[in-house]
Structure formats: structure tokens, C-alpha cells
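S.K.: have a look at this prediction, sequence included:
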Amino acid sequence: MTDYVMPTQPPREGWDLHCHTVFSDGTRTPRQLLEEARDRGLHGVAIADHDTTAGWEQAMHAAEELHFPLMRGTEITAQCGCVSVHMLAYLYDPNNRQISELFEKTRRARVARTKKMVELLSKDYPITWQSVLEQVKEGSRTTIGRPHIADALVAAGVYKDRSEAFAHAVRTGSKYYIPTPSPSASEVVNAVKDAGGVSVVAHAADPSRNLTLLSDAQIEELAGEGLGGLEVWHRGNPESERARLLELAERYDLLVTGGSDWHGAGKPNELGENLTDDATVREIVRRGAISLCD
Ligand code: AMP
Ligand code: FE
Ligand code: FE
Ligand code: ZN
């Protein structure tokens, strides 16, 4: 550890390290992400599409053209015991074999599982695999998932927006729900480490995603394997849980990050509503295998 000082309050300015684009389930392009971040006065943003680096190139070009700082990242689908976890990975080498194979496997599994869900749903709702694919903006370069099913249900007039679909037919636990077979959180931590990046547990204690949260012992174990940090400043983490996460971060020397989980029009989350302070960004950069762009 260097002279890094862990923040104990949500920063008022800094970087939004958790943003999605059309390369997964966001509704805006990487360029639109950077333009909006610049207009909102953020210090920089991280692109963090699900299980892919497909949006990195467009994001890098936009960062250069707009002279706006970009951190390259990914939100990786994982499983820790019975807890579904998302891991943010930053500044790792995208050519690393282990991590690119892991993404390919998850994306294949996502297509198969999403197709199966559509088969089940199509018995009761007016959607088809074709109508779901019509909601996918970058073809096979987009990581597919339930949000695209939700959008097809909205296009068919079943629900008024994505969130309504997520409250009903596509919600976790509905009779149509099928989980995505995912790597373990420990595998992800190790793959990110192998690729020279920094891993952070996304929305590390969000009770709306799981019946049980990651325990102290599970976080301790991941920290022992090389986990880099916890996303504490996120709308899904309740206040009492934030205190626990800060305590764990202090105990295991973990970085504390924040992000909006922006999906453009796909979710109510506002770009920059949660931020990571500059000192933490500098520490991620110091540890990472690749640099920031602008
Ligand atoms: P999947 O990974 O295919 O199971 O889909 C889950 C994704 O759907 C998450 O990554 C969220 O970004 C998105 N999602 C979950 N709940 C909502 C919601 N209420 N409105 C919009 N998107 C959501
Ligand atoms: Fe998402
Ligand atoms: Fe997530
Ligand atoms: Zn996310």
C-alpha cells in the first residue's frame, strides 16, 4: 500500500467508474457517455460493459477527440457460493488469454440462457428471439441479457418501460427466469490479476439483487486472493451496509470506489450520481497494466 487514504464519505467530485453503453445493456454509445460526462463536469469515466471489451475502441477514439479522460473496464458476471456477484475490472490487458476466454464463455452462456428465457416467455407474451435481437444495438458485439428481453416486451406494448418489465416477467425469481452460468468470483479475481488489472466488487451489498449478501468471510477470502476494492458508493448499497463495507475495506486494505451504474435511458440512475475520488483513481492507475486515455 502506498500513501492511499481511504475515503469515508461519498466524494462530491471525481470519476464515475461504473457506466454501460450499447455494447451491453446501456442505451447510449461510448461517445455519448463521454460527452455527457464532460457536460456534467466529471473528472473522467470508466466504460464497464458486461463481460466484454467491445466498446473500448470507440470509447478510446471519443476520449482522444474530446480530450476527456477514460478508464477502460468491464463488469464481469460471477457467482460466490449462492450469491450472484458482479465484479468490476479495470485497466487489465485485454489481450490476456485467460480473461478473454472467460468473457467468451460467459457471452456464449448468456446467448443460450437468454434464448431459453425467450422460448418460455413467448408462450405467454408476444415476443420472439427475432424481436429480442431487434433491440440489440451492436449485433453480436453486444453482450445480450434480460434488458434486451425487457425492451422487446416494451416494444410489444406489454410494459411501459424496462423497469416495469424487471418488476414482472423478467425479474429474478419469475417463472421465466434462468440464471447465467458464471465463473466463480475467485476465478474472476485471479483472471483479472493475471491480466494485470484491478478487481472491485460492484454494488457490493445490494439487497435487491440477492436474498443473502456477500459475508465478511467471503470478502476476506476474495481479498486474500487479490481483490482490489469494494464499490461502496452505489445507490443499491443501504447506509448500514456501507458502514460494514468501509470497515472491511479498512481491515483488508481494499480500495473504496463509487459509480452510478448508468445505463442511459435503460435505468433511472443518473450519470455521476456516485463517484470515485481522484486519489483512488490514481491508485487504480498505478496498479493497472494499461493507462488512461484522453
Ligand atoms: P442479466 O445479466 O441478463 O441477468 O440482466 C441483469 C441486468 O439487467 C443487470 O446488469 C442490470 O443492469 C439490468 N437491470 C436489472 N434491473 C433492472 C431494472 N429494474 N431496470 C433496468 N435494468 C435492470
Ligand atoms: Fe446492466
Ligand atoms: Fe451490476
Ligand atoms: Zn452495472
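M.R.: Everything's here; your move. Ligands and ions are numbered 1, 2, ... in the order given.
S.K.: show me the shaky parts of this protein.
M.R.: 1-2 (pLDDT under 70).
S.K.: roughly how far is the longest helix anywhere in it from the heart of the chain?
M.R.: Taking DSSP state H as the criterion, the chain has its longest helix at helix 97-121. Remark: helix 97-121 is offset 16 Å from the chain centroid, using C-alpha atoms, centre = their mean, to the nearest Å.
S.K.: check stretch 7-19 too.
M.R.: The answer for stretch 7-19 is 15 Å, by C-alpha atoms, centre = their mean.
S.K.: again with stretch 49-60
M.R.: With C-alpha atoms, centre = their mean, you get 12 Å for stretch 49-60.
S.K.: can you pull the contacts of the residue of the stretch 101-250 of the chain found nearest ligand 4?
M.R.: Distance from ligand 4 to each residue of the stretch 101-250 of the chain (C-beta to the ion) is smallest for residue 202, at 6.0 Å. Bear in mind the C-beta positions are built from the backbone N, C-alpha and C, glycine included. Contacts for residue 202 were tallied using C-beta atoms under 8 Å, 6 or more residues apart in numbering; they are 18, 75, 85-88, 231, 234, 259, 261.
S.K.: for the residues you listed, work out which two are farthest apart.
M.R.: Pairwise distances across these peak at 15.3 Å for 85 and 259 (criterion: C-beta to C-beta).
S.K.: the more surrounded of those two?
M.R.: Using other C-beta atoms under 10 Å as the criterion, residue 85 and residue 259 rank with residue 259 on top: 30 against 24.
S.K.: the more buried one and residue 234 touch, don't they?
M.R.: Yes: with contact defined as C-beta atoms under 8 Å, residue 259 counts as touching residue 234 (6.2 Å).
S.K.: quickly list what's touching both of those two.
M.R.: 18, 202, 274.
S.K.: need the residues you listed in CSV (columns: secondary structure).
M.R.: CSV is the format used below for those (DSSP: H, G, I helix; E, B strand; the rest coil):
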residue, secondary structure
18, strand
202, coil
274, coil
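S.K.: would you list these in TSV and tack on distance to ligand 3?
M.R.: Shown next, in TSV, are those (distance: C-beta to the ion, whole Å):
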residue	distance to ligand 3
18	8
202	5
274	13
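S.K.: tell me the one among those residues nearest to residue 109.
M.R.: residue 202 (18.9 Å).
S.K.: what sits closest to that closest one if chain neighbours are left out?
M.R.: Leaving aside its sequence neighbours, residue 202 sits nearest to residue 86 (C-beta to C-beta, 6 or more residues apart in numbering; 3.9 Å).
S.K.: now do the helix or strand in which the one you found is found: distance to the chain's middle.
M.R.: For residue 86, the element it lies in under DSSP states H and E is strand 83-90. Strand 83-90 has its C-alpha centroid displaced from the chain centroid by 7 Å (C-alpha atoms, centre = their mean).
S.K.: give me the helices and strands touching that strand, please.
M.R.: Applying 3 or more C-beta pairs under 8 Å, 6 or more residues apart in numbering; DSSP states H and E, we find strand 83-90 packed against strand 15-19, strand 44-50, strand 70-80, helix 185-194, strand 198-201.
S.K.: what is the burial count for residue 115?
M.R.: 14.
S.K.: wait, it sits on residue 129?
M.R.: Yes: the criterion here is C-beta under 8 Å, and residue 115 meets it with residue 129 at 5.9 Å.
S.K.: that older thread, what strands flank the strand holding residue 86, and is each parallel or antiparallel?
M.R.: strand 70-80 (antiparallel), strand 198-201 (antiparallel) (DSSP bridges).
S.K.: now do the first one against helix 185-194, angle only.
M.R.: It stands for strand 70-80. Taking axes from the mean of the first three to the mean of the last three C-alpha atoms, to 10 degrees, one finds that strand 70-80 is oriented at 150 degrees with respect to helix 185-194.
S.K.: how about the CA coordinates for strand 70-80, as CSV?
M.R.: Provided in CSV are the C-alpha atoms of strand 70-80 (Å, rounded to 0.1, in the frame of the first residue of the first chain):
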residue,chain,number,x,y,z
LEU,A,70,-11.3,7.5,-19.9
MET,A,71,-10.7,4.4,-17.8
ARG,A,72,-11.2,1.1,-19.6
GLY,A,73,-13.1,-1.5,-17.6
THR,A,74,-15.6,-4.3,-17.6
GLU,A,75,-18.4,-5.6,-15.3
ILE,A,76,-17.9,-9.3,-15.0
THR,A,77,-20.8,-11.7,-14.1
ALA,A,78,-19.8,-14.1,-11.4
GLN,A,79,-21.0,-16.3,-8.6
CYS,A,80,-19.7,-16.6,-5.0
